[in-house]
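Asker: please find the sequence and the predicted model below.
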Amino acid sequence: MRDTIWFRLLGVGLAAIIAAVTVALALTGRLGLYINPDSAWFAVSMAVVALVGAVLSCTLRLGDAADHGHDHGDGHGHDEHGHTDDDHAERMPRRELAGTAASVVGGVLAASVAGAMLVVPPATLSAELAMQRDTGSPPLFQGADAVALAVMGDTDAFGVGDWASVFATATDPQAFDGTEIALTGFVSPGSDGFDLTRLVITHCVIDAQPASLPIAADDVPADGNWVTVRGTIRDVNGQLRVDAASVEVVDEPEDPYEF
């Protein structure tokens, strides 16, 4: 396969664009809309390595990669299997065609990703997507650790995901009856009032899962609205819910996900 400007653009150039966009998102504080902030250092480090590699690759002359390792003989030699150089020459066009096709496909995919990152502004996952991913059974984000902290009253840093784990796994719901909470999330359909929902990310937005708490309230905002709920946790026949004292519609928070 020939080493040309076109093929370098498909490979090195587009990889450099994606790496540059990753660094730009980190510098502007928007990388958290795509990946867990705990993993941001790794993504940025790999992006910097990719940019350095792209710069170094530009020091190679065109054609060096294609010519490297080729043995230009008299055209009539035999290899260990008895094939002549002419036989190998006949197979080269097919190899070049396959290599070109692979480069074009890879380039188109990389260009699509790079174009989307450059053109489409970072946006949070929608409430509709959260409801589509809701399987009906609450995902366990913190498990026994969250329950233990809640029993000790160490819930100042709890989010919707933490409380969702407590609601799903608590063996003594009465222990949490009367606990006051103030949480922010978006409205999704619920059986008694509405559900307060937040997307919880483990690594990146691909694995985002919805966590929800049942809210008992007289006034139910429209689905998808972001709200801050202040209320009290109640044990109702062995099931925990939040009796809302107030439901305030708010703007989408700057950091819409929980991690």
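Answerer: Great, that's in hand. Numbering: from 1, shown residues only.
Asker: next one, pLDDT for residue 86 please.
Answerer: Looking at residue 86, its pLDDT is 52.
Asker: low-scoring stretches of the stretch 51-200 of the chain, by residue?
Answerer: Residue ranges of the stretch 51-200 of the chain with pLDDT under 70: 58-144.
Asker: how long is stretch 214-221 end to end?
Answerer: Criterion Cα to Cα, to the nearest Å; first-to-last residue distance in stretch 214-221 is 14 Å.
Asker: revised request: answer the last question for stretch 167-174.
Answerer: End-to-end for stretch 167-174, by Cα to Cα: 11 Å.
Asker: try stretch 232-243
Answerer: End-to-end for stretch 232-243, by Cα to Cα: 5 Å.
Asker: who touches that stretch?
Answerer: 166-167, 170, 173-174, 176-181, 183, 192, 196, 213-216, 229, 231, 245 (Cβ atoms under 8 Å, 6 or more residues apart in numbering). The C-beta positions use only the backbone N, C-alpha and C, and glycine is treated the same way.
Asker: mind checking which of these are in helices?
Answerer: Cross-referencing the contacts of stretch 232-243 against helices under DSSP state H gives 166-167.
Asker: among the contacts of stretch 232-243, the buried ones, what's the ChimeraX command?
Answerer: Buried residues among the contacts of stretch 232-243 (16 or more other Cβ atoms under 10 Å), as a ChimeraX selection:
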select :166,167,170,173,176,179,181,183,196,213,214,215,229,231
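Asker: the strands in the stretch 151-259 of the chain, which residues?
Answerer: 180-189, 194-200, 209-216, 226-236, 239-249 (DSSP state E, counting those that start in this stretch).
Asker: quick check: domain ranges of the protein?
Answerer: In terms of domains, the chain is parsed into 5-119, 128-249 (source: automatic domain parsing).
Asker: ok, residue 42 - contacts?
Answerer: Neighbours of residue 42 in contact, by Cβ under 8 Å, 6+ apart: none.
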